[in-house]
Structure formats: C-alpha cells, structure tokens
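Student: Could you look at this predicted model? Sequence included:
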Amino acid sequence: QGVVEFIEVSGQRLGAPETLGISTLDPGHKPPAMPPGRHISIRVRMLDDTEEIFDVSQRASGKVLFDMVCSHLNLIEGDYFGLEFQHRRKMSVWLDLLKPIGKQIRRPKHTVLRFVVKFFPPDHAQLIEELTRYLFALQIKYDLATGRLPCNDASAALLVSHIIQSEIGDFEETQCRQHLLNHSYIPDQMALIDKIMEFHHKHMGHTPAESDFQLLEIARRLEMYGIRLHPAKDREGTKLSLAVAHTGILVFQGHTKINAFNWSKVRKLSFKRKRFLIKLRPDLSQSTYQDTLEFLMGSRDCCKVFWKICVEYHAFFRLFEEPKPKPKPIILSRGSSFRFSGRTQKQVIDYVKETEFKKIPFLRKHSKVHLFLIIRLVNKSSPAKNWKVHALHNVFYTQQIASCMSGERTDSPSKRNWKELALISAEDSAALRIQGNPTALQNGQEERPGLGAEEGRGTRPAGRQPTELLIMSHGLVNGQSQGDGCGQSPNGRQPSPLTSPLLNDMGAVRTDDEDEARRKRFPTDKAYFIAKELLTTERTYVKDLEVITSFQGMLEKEEATPDSLKTVILSNFDPLYKFHSGFLREVEQRLALWEGRSNAHIKGDYQRIGDVMQKNIQGLKQMTAALQKHSEVLLEVENACRASRKLEGLCCDFELQKVCYIPLNIFLLRPLHRLLHYKQILERLCKHYPPTHGDFRDCRAALADMSEVVSQLQGSMIKMENFQKLLELKKDLIGVDNLAVPGREFIRLGCLSKLSGKGLQQRMFFLFNDVLLYTSRGMTSTNQFKVHGKLPLRGMTIRESSDEWGVPHAFTLVGQRQSVVVAASSLSEMEKWMEDLKMAASLADKTNGPSSELLASSLSDIKTLEDSALEPESEDDLSASRTSLERQAPPRGNTTVHVCWHRNTSVSMLDFSIAVENQLSGNLLRKFKNSNGWQKLWVVFTNFSLFFYKTCQDDYPLASLPLLGYSATIPTESENIHKDYVFKLHFKSHVYYFRSESEYSFERWLEVIRSATVSSCRNPRRKDPHAF
C-alpha cells in the first residue's frame, strides 16, 4: 500500500535532498554524471513523432535520461514534461526519475518512451519560454487527433483553424481547402471543413507564435484539457473515471465532470490493493460529513499508478520546494517510499525569471512554408567539384549552409560529417536520400531528419505530416553529432531540432526578451508605427462596436423596447459595424504585407497606408448623414428608460457585464470619437511624410475629407459629450433628479475639504454652469454620493483665505445667502478650482442659464449651512473608507467620481474632452516593482484608465488601473531597469513599469497617459466646447 498525507505546514515545504533528485536551481549546476555499467540504447519519441536514440547506462537513474532529452531540445522549462512508456502489463506509466532505468525498462529494444506534457498549468501565460508553448501546442494537436481532447464542433473547428494558420500562414481558399483534404487533425473533419475555413479567414496576419498562443488559450478552457482518465467504480459499482488536475482530484462519468476534491479539502491519499482512498478534512458547514471516499480500480498497479501521479501533481502545483526524502526505517518499512522528484512550478518560474543564462534562439515560423532549397551535385564523378546551393527563399539560412558546405567533396569519412540537405516533398519524405558512410551510424541508428515543426517518422497519428526540408545527420547519438559541423553551437553542442532553421535564425544569441528579435526584424519607419496605431485602435473600436451590437440584440428581444429605439439603433450601428469590420481586415492585410508576414506572393509597394484610409474615408463620408443623427440614440435610450422601469433595469444589468468595461453611454458615442482619432493619425502621417513621398498625396486628401466630416459633426459631438456626462453623474448622485436639463453644462468635479463645526471634512463637489453641489459618499450598497447642499453661482464671489483660517490652500465661496470655506489638497488644485469657479460665476451673471431652483424639489432633505454647522452629521454621510478601489461594491464602485474621491483630486470637462481624443491600444510589457519578469499584455487606454487583456481578442479585461493621481515618469538609474522604451507609473507606494516596442509608441503612451494623470489648464488643444 502507499500513503501520502497533506499536512499544510510551511516548514515541511523547505529543504532539498542530497540524492540524485536534487533540485538543479543553482546556475551552472550540472546533471548527475553517467554511472559505470553496460550501456543500452533508449528510443524516445518526441511530440512531433520523430524518434531519437539516447545511449545511457542501465544503472543510470531516470533523471539522467530525462536531462539528456531536455538538453537535446535546449528546453529550460522541462519540468512540465515527462517520459511515458508501456509497462510490461500494457499499462502506461511515467519514468521514475529516482530509480535506475534498467529496473524500470526490462526490454529496452522493444520499448519506446514518449516525451509528452505531464503537468498542465491552469494558465499557459505561466509558461515563460516560447519553445515550451510550442511543445504544449504540439501536445494539444496530438490530443485532438487521437480523440483525447473531446469538444464541440465549434471549438474543434476553431482549434484546427489556429493550427493550420501556424502551418500554412494566411488564408487562401484553394490552398486551405486542399490542405484540409490532405491532412486530418480531428475525427470526422470533413463535416467541419467549411467552418474551419471560415475561422481561418479571420486569423489574417497572425504569426505562428500568436496562433500557438490562441490555440492554448482556447484549449485550456475545455473541460477535458490536460485530463487523463483512470477507470474506477464507486461503492455501488457505478462506472466512473478518476483524474487529477492542478486543482485537485476530479471524478468523471463519461466525459462529464460530476465531482471535484480540491487539494485544500484533501487530508490524505492512500491505496490498499485495488481500493483508492481519499480522506477529507472536516467540513463544519455541512451537517453530513463523509470522512473517507473509496473507489475501486482495475488492479493494484492501476491504483498505484494513479496514486503516484496524484502525489506528483500535488507537489508540483502546491509546494514551494521539492519535498525532503523520508528517512529509511531501521527495522521495518511500511508503505511506499515514492515521492516527487524535481522542481515545483514555483521554482521553475522563479528560475527562468531570475537566472541569467544565454538562451538559444527560438522563433516560430510556418511549419509548411516552402523554402525551395535546391542542392545539386555538379559532376558527381569528379571529387574536385563543389556543392552549389541555390536559395530562392530564406537567404540568410542558405548562406549559413553554403558557408559550411563549401569545400571539396572527398572520400574521407571526416568530410562526410557535414550536414547534407535534400529537397523532400511534403507527400514523400523518402523521395531523396543522400548516401553517407554507414559506419557513422551507431547502434544501428538510421539517418533521420532533424525535428521540424511538424515532421513525422514511421507511423503517425492523424495530423502529423513531414515538412518540406529534411536535414540529414550522420553519427547522431544522444542527439549530438560525433564530428564538428557548421550546425554546432559555440559550446560544441548540436542545436536542438526544435530550433532548426525552419523555426529560428541560426547563429543568433537568445536573450531573456522574447520580443527583442521580433522588434528588430519589423520595419523601423515612423510611418509604420503610426499605421500600427491605426490597426491596434481599430481592433479595440470594432470590439466596442460588438458590445453595442450585443446590446442591440438584447433590446430587440425585449417587448418593452419602443420601436423608435430599435429603429434608430439598427439603422446607426449595423452599417457601422459592417463597414469597420471590413476596414479592419484591409488594415490587417496591409500591415501584414508591410511587415512581410503575409504569404501573398504579389509584387508591389505596400509600405503605405494613405491609399487604404482614402478609400475607406470616402465610404465614411457617405454615412455622414447617419452620423449626424447619431445623437438621437442617447436621447432615445434615456427616454425609453424613463418610460419603462423594466427597460431601465435591463440597461443597468447590461452595464454590470464584464464586456461593458466603461459606461454604456460612452460606448454609444464611440463612432463620433473615432472620427477624431482618424483625423489625428492622418495629421501625424502628413507631418511625418515629405511632400515628395508617394503616400503623402493620399494622406493629405484623406485628411481633407476627414476634417470636413469632423467639422460637420463637431457641434452635435460637443452637445452629446456634455449630455452623456450629465447622465453619468446623475447615476452617482442621490438627492437630485433634474440634473440633465437643457442649458446646464458640466464644468468640474473633485474632492475638497469643507470647513464645518467638526472641522475639515472630505466632500465631493460638482461644478456646473449654474450651481455648485457638495456631497459625501454614503455607506450604501451602491456607493452613491448624497447631496448635502447647493450654492447658486449667480452673484457668487471667490477669495483665497488660507491666512484667515490657518488652513493651507483654503478659499471661501461667498454666495447671496451663505458662505462656504473649502480647502484643496494642493496649490495647483486650488488654482484650478478658483479659475473655473470665477469664470463660471462671471458667465452666470451675464447669461440666463438654467434656474438652480429646478433642483430644489429633489433636495428637500438638504440642511441649511447653519444647521450643518451645528448638528453632527450621520456616519453614513462621512468618509468612512479610503481603501483601494477594488474593495468597493460592484455597482458604481470604480467610476471617475469614486477615483477622484479616493485619490483626492479633481477632473474637468476639458480633461474628459482631451481623454476622448487620446485613446490608445496596443501590446505592452508590464513589470511590478518587486518582480523580475515582464508580462506581455494587451492594454487599452480610455476613460482615464488602463484596461489589461491577455490578447486583443479577449472580450473583457482582466483588470484595470485608474490613472487619476498617478505620475508618469522615466525610471532612474538606481531602479536598475536596463531596458529601452520603459516608463513608470507610481502613486504613493504603487509602482508599475511598462515597456513599449518602439520610440514612437513609447512617446505616444507617455503622451496619452500624462493627459490623464496631469489635469489640464484652460488652454485646450481643441476649441473649448463650453462657454462658461
């Protein structure tokens, strides 16, 4: 029997054994030396079905062989993988890293070990190495082909579409259909070919690495991801299956999960003969508590195999360090001595992030790309003739091969250890063989191609096909060449087949930054980065339009929705969504050609974007009439919500969904805001290009058309921005109903300290062109602000009074009937408030704005100034919390008003208008203050916040960072950030570092972020929309 107890004591997680299973965390630590004894040849089948032969001592531990395989692949994160083989009882078992190989594999000549993924992490973003993610993608591909990863037809088609995108590149209908007819990736693939092609068409421009990333992202959400079923029965004899995952032990009935036991609930795992026992921790919340669960498995060996993998999964994902070995008993031993050997997941992540080592370059390229390498032997009978290599593609790689193969061909065996190349078709990998010295092969090993992205050898499951390039290697033992060759690394080691020229550039030095080489290969012209900004922001805009279309679908299903609202939304947003989806595809195709990523063999000058914009702006001009009526949408939605409580509730519920990451009203105004972005991008292009540039004329013509459209819509845009802001503030306030009335304009909101009988108390002030409201945040479930009083602006005077009251940055507001003393958090805040208040009061005296008496009916509970100075305020009215924004209740917990409350700052309508123009999207690398690694994220800046996504295709953000109150600076030398294009965001003790890909994007991110972190003075870049 075997027993393992899970006692959550941190002291037992520390320490490292001194046996062969020692954790190799120290830099430069060498694997255990090969012990003496008779050597045996072990065949290992890789994830792409190629086989390698490794020569090891039969007395060597399993770890020696496993380290040799990882070294052969240049794999750093090898701890996620394992070696699996068929036991003598025809049962799949894992190679034990601590036991001698000879005791585990009785018949090595008839045994083939499979190198496969053993531990499946919950999030593939935890995999640091690109090579590791590629190997995981191969595992997913294998599981799909063999039926081990069942899923519905839509998921299967989407997974296959990403696989073929990584293999053949961008969509071309004839090539894609022919490829699917010749290659099978899933069972019953023929019925899904059209669906696969439809998905493949949407992946235009995706690199193989991005396709791998998406493949893993989709696969990890499937219920059977990483699951290996072990047949069992419960006490009643019902047929079940047990499985283990990072979370704990799972119970399946068929392919449906019916129960799960989290590691935190499991006290002990053990087995006795065929019985597998799970002992649970007491659950005080349940009246009926079952201490031990029992499952009956096929045999004792089946029970022990599952128990071992459970022990290993628990240790790998839950422990901080490798567990210590138990001391052997002096007299009698009881139970199994098996334990987990190797690094835990935490150790692997820390090791890859913190250890400085030179990485071998790995760049994913299309697996089925044709290199058209032709090698001819001129005058084969004459030994004095040279090899001649003609390369029609991949010139750099061909030059490397040519430099190695130059020289006379002789009959000397030493000369025959050069790598020889042949043109091998995808249909027949044995079409051409180059004869070599048969004595150069040891242990009967035959010539074998290097491991490409999809190469196969022998019998393959569905979906495995050989690549077009075959690299013949003579004398390979343990994956290493016995002679010197051009393909060797500087330390004399044979490069990994997984880092073959199909996948990366030879001779490069691998660094910790995966994007470094990619950045250097892409265009460096500023126009390219401006065009890329157009692409990234257009992706976000189309995603925003998808949110509106889903809102439109919700309204169409609701009977309470008036026909006028259905008509105006349908007529406005459906044409826009179709138009911009097509525009996005055109921009993606142009950028793919500009970067050289597309496989379209068409000659032409594609390093330009003006012609694409000019063509599509003509289409936008035809929609100007519809855009001018766009303001009606906001009014129709507001009127419909006022008329129907049910419809108002539906809109509120929609705003609480994750996809609605900003207020719904802002989504509705996105089409108008997007016009300003186009105008800005064209202005930057025209400023960058000289008049003689080929793209200048198209950009200038497009700018003229765009400026005309913007000027026509400017008036309605300004009115709608103000109306939208009034509607948004109305949701944050309690005690005022008639806020959005004709003629009222919002000016500024922010936090000030009000002097009362109890001293200075934090209050939220809202300044309009006719009235000033002051409020406090109530401790309610909605976190709204309760209005305490109003000060009409007509006849108001403002004077500085810091010396009078002895309070820094204090000023007095003197109204017709009452006076209020307030203090700002800083001198700049005081100046901004006083400037806006004086201007608003002056204009209120000259114009007939809305009467502040309109608010009186809804402010009946407001106390007078004298009453508020004498009576203590209730606890609900006080500022009881200054904790982080994440601790607020979900409704109205992270709006701009609440951010200003917590950060003790203010924001004006002018700031909102500038923020509308300065929206930005793109990939950034993020690093925390005390971390060493950089995490790649898709970042969207809008509404004074950064929203973080894993990829641009995600529907909702993982997290957000409100920027009001933050400072954007450049890191100093003392911070040891030795990278280019890095900026720092900090607020009090919160520090974040971000890296961009180019100088242009670095400057743009700093520009837009500083527009949100530094409140603007009254010198706007566009015409001030409000006549205060």
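Tutor: Good, I have the coordinates.
Student: how about Lys304, phi and psi?
Tutor: Backbone torsions of Lys304, given as degrees, to the nearest 10, read phi -70, psi -40.
Student: count of neighbours near it?
Tutor: 19 (other CB atoms under 10 Å). To be clear about C-beta, it is placed using only N, CA and C from the backbone, and glycine gets the same treatment.
Student: can you check Arg799 too?
Tutor: Arg799 has 11 neighbouring residues, counting by other CB under 10 Å.
Student: right, and the secondary structure at it would be what?
Tutor: strand (DSSP: H, G, I helix; E, B strand; the rest coil).
Student: Kindly state the beta-bridge partners for the closest residue to it other than its chain neighbours.
Tutor: If the residues on either side of it in the chain are set aside, Arg799 comes closest to Thr812, at 5.4 Å by CB to CB, 6 or more residues apart in numbering. Here Thr812 sits in beta bridges with Arg799, Val821, going by DSSP bridges.
Student: distance of Thr812 from Asp845?
Tutor: Here the criterion is CB to CB, to the nearest Å. By it, Thr812 lies 18 Å from Asp845.
Student: Who has more neighbours out of the two?
Tutor: Thr812 (16 against 11).
Student: OK, contacts around that one?
Tutor: Residues near Thr812 by CB atoms under 8 Å, 6 or more residues apart in numbering: Ile798, Arg799, Glu800, Ser801, Glu804, Ser819, Val820, Val821, Val822.
Student: so which of these comes closest to Leu749?
Tutor: Checking those against Leu749 with CB to CB, the nearest one is Val822 at 13.7 Å.
Student: That closest one: what's it in contact with?
Tutor: Leu752, Ser753, Lys754, Leu755, Arg763, Phe765, Ala810, Phe811, Thr812, Leu813, Trp833.
Student: and the gap between the fifth one and Gly789?
Tutor: When CB to CB is applied, the distance between Arg763 and Gly789 equals 9 Å.
Student: so what sits against both of these two?
Tutor: Joint contacts of Arg763 and Gly789 (CB under 8 Å, 6+ apart) are Tyr774.
Student: Give me the more crowded residue out of these two.
Tutor: Set Arg763 next to Gly789 and count neighbours by other CB under 10 Å: Arg763 wins out with 23 against 18.
Student: which phi and psi does that one have?
Tutor: The phi/psi pair for Arg763 (degrees, to the nearest 10) reads phi -140, psi 150.
Student: how about low-confidence regions in the stretch 401-550 of the chain?
Tutor: Residues of the stretch 401-550 of the chain meeting the criterion pLDDT under 70: 401-523.
Student: The chain now?
Tutor: Those would be 1-33, 88-89, 284-290, 323-339, 354-523, 597-605, 778-782, 848-894, 1014-1028, if you go by pLDDT under 70 across the chain.
Student: tell me how far the biggest helix by length in it is from the chain's mean position?
Tutor: Ordering each helix of the chain by length in residues (DSSP state H) puts helix 696-732 first. Distance, stretch centre to chain centre, for helix 696-732: 32 Å (CA atoms, centre = their mean, to the nearest Å).
Student: same deal with stretch 563-572?
Tutor: Centroid separation between stretch 563-572 and its chain, computed with CA atoms, centre = their mean, is 35 Å.
Student: same thing with stretch 539-555?
Tutor: 21 Å.
Student: give the contact list for Val93.
Tutor: Each residue near Val93 by CB under 8 Å, 6+ apart is listed here: Glu84, Phe85, Gln86, His87, Val305.
Student: Mind checking which of those residues are buried?
Tutor: Applying 16 or more other CB atoms under 10 Å to these, the neighbour count classes Glu84, Phe85, Val305 as buried.
Student: Nearest to Lys615 among the residues you listed?
Tutor: Glu84 (55.7 Å).
Student: That closest one contacts Gln104, correct?
Tutor: No. Applying CB atoms under 8 Å, one finds Glu84 not in contact with Gln104, separated by 11.7 Å.
Student: which neighbours do those two share?
Tutor: Leu95.
Student: Now Ala243: which helix or strand?
Tutor: Using DSSP states H and E, Ala243 maps to strand 239-244.
Student: now the strands for the stretch 651-800 of the chain?
Tutor: For the stretch 651-800 of the chain, the strands defined by DSSP state E, counting those that start in this stretch occupy 733-734, 746-756, 759-768, 771-777, 785-792, 797-800.
Student: any chance of those strands in JSON lines, plus distance to Pro121?
Tutor: Below are the strands of the stretch 651-800 of the chain laid out as JSON lines (distance: least, CB to CB, whole Å):
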{"stretch": "strand 733-734", "distance to Pro121": "46"}
{"stretch": "strand 746-756", "distance to Pro121": "43"}
{"stretch": "strand 759-768", "distance to Pro121": "44"}
{"stretch": "strand 771-777", "distance to Pro121": "41"}
{"stretch": "strand 785-792", "distance to Pro121": "44"}
{"stretch": "strand 797-800", "distance to Pro121": "60"}
